[in-house]
Structures are given as structure tokens and as C-alpha cells.
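Enquirer: I would like the atomic coordinates for the input below:
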Amino acid sequence: MIEQCPPACGEDGLPEPIPFSAERIAEVAKALAHPARIRIVEQFAEAKPHMTQDIVDGCTLAQSTVSEHLRILRDAGILVATRDGPRTWHCLRRSVLHGFAAAVEEMARRRALTEAG
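Expert: Purely as a prediction, here's the structure:
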């Protein structure tokens with residue numbers, strides 16, 4: 001059996017997340033706008049890398065469907081992937097989710113101030 005050595009799952013060495021403009025907020029919201037993708041992100045509650053097969057095993061979806069959901073999450077910058085021979089490890093970019101939440105909160109705050117007068 002091949003020993004699995006997961007990569008570090010920190011954000012050291014990764015580029016800074018893209019600033020949260022209205023377009024960026026929409027991009028991340030669209031990537032998160034599917035229950036299966038939310039469930040996939042929830043699998044990363046423990047801050048550790050996950051192999052694609054681990055994610056598939058945690059779902060009731062076909063591997064091809066999970067792979068498409070992973071692609072969408074990667075394209076939005078929510079996940080990053082590291083290839084290790086035949087394996088692909090995925091890590092959650094918590095900074096992207098934190099930035100998204102902060103941007104949405106700021107948008108709501110500005111809206112409330114506008115409505116208040």
C-alpha cells in the first residue's frame with residue numbers, strides 16, 4: 001500500500017485572495033449556490049487536506065459529479081488542489097470564505113445605513 005502524505009493545508013505561498021468587488025461576491029456566491037457544494041465545503045470543517053476519493057466517499061454522488069463540483073469550487077478560489085501522482089489533494093481557502101462573509105456583511109451594513117437615512 002502506498003503511504004499517503006498529505007500536503008500542508010495552509011495558505012502560505014498562495015497569492016492573496018482576489019478583493020471582493022460585486023462581481024467577486026457574485027462569483028463566490030454562485031459557486032456556493034448548490035447544496036452538494038455546501039456539503040463538500042462542510043467536509044473541510046477539520047482544517048486538513050482531503051483527497052478527491054475522501055470527498056466522494058463523504059457524498060452520495062457519483063465521482064464525476066463530485067469532480068465537477070470540486071472544479072467549480074476551485075475555479076472560484078474556494079478550494080486549491082495539489083496533485084501527488086495519481087492523487088489530488090484539496091484544501092479549503094478559509095480566507096476566501098472569511099472575505100466573502102465580511103463583504104456580504106459590509107454590503108448589508110451599508111444597505112441598513114442607507115435605509116436608516
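Enquirer: Leu70 contacts Thr52, correct?
Expert: Yes: counting by CB atoms under 8 Å, Leu70 touches Thr52, with 6.8 Å between them. In short, each C-beta sits where N, CA and C put it, glycine included.
Enquirer: give me the nearest residue to Pro7, chain neighbours excluded.
Expert: Thr82 (4.7 Å; CB to CB, 6 or more residues apart in numbering).
Enquirer: likewise for Arg39?
Expert: Closest to Arg39 by CB to CB, 6+ apart is Cys59, at 6.6 Å.
Enquirer: quick one: contacts for the one you found?
Expert: Residues near Cys59 by CB atoms under 8 Å, 6 or more residues apart in numbering: 36, 39-40, 66.
Enquirer: quick check: neighbours shared by Leu70 and Thr52?
Expert: With CB under 8 Å, 6+ apart as the test, Leu70 and Thr52 both reach His90.
Enquirer: who's more crowded, these two?
Expert: Leu70 (21 against 16; other CB atoms under 10 Å).
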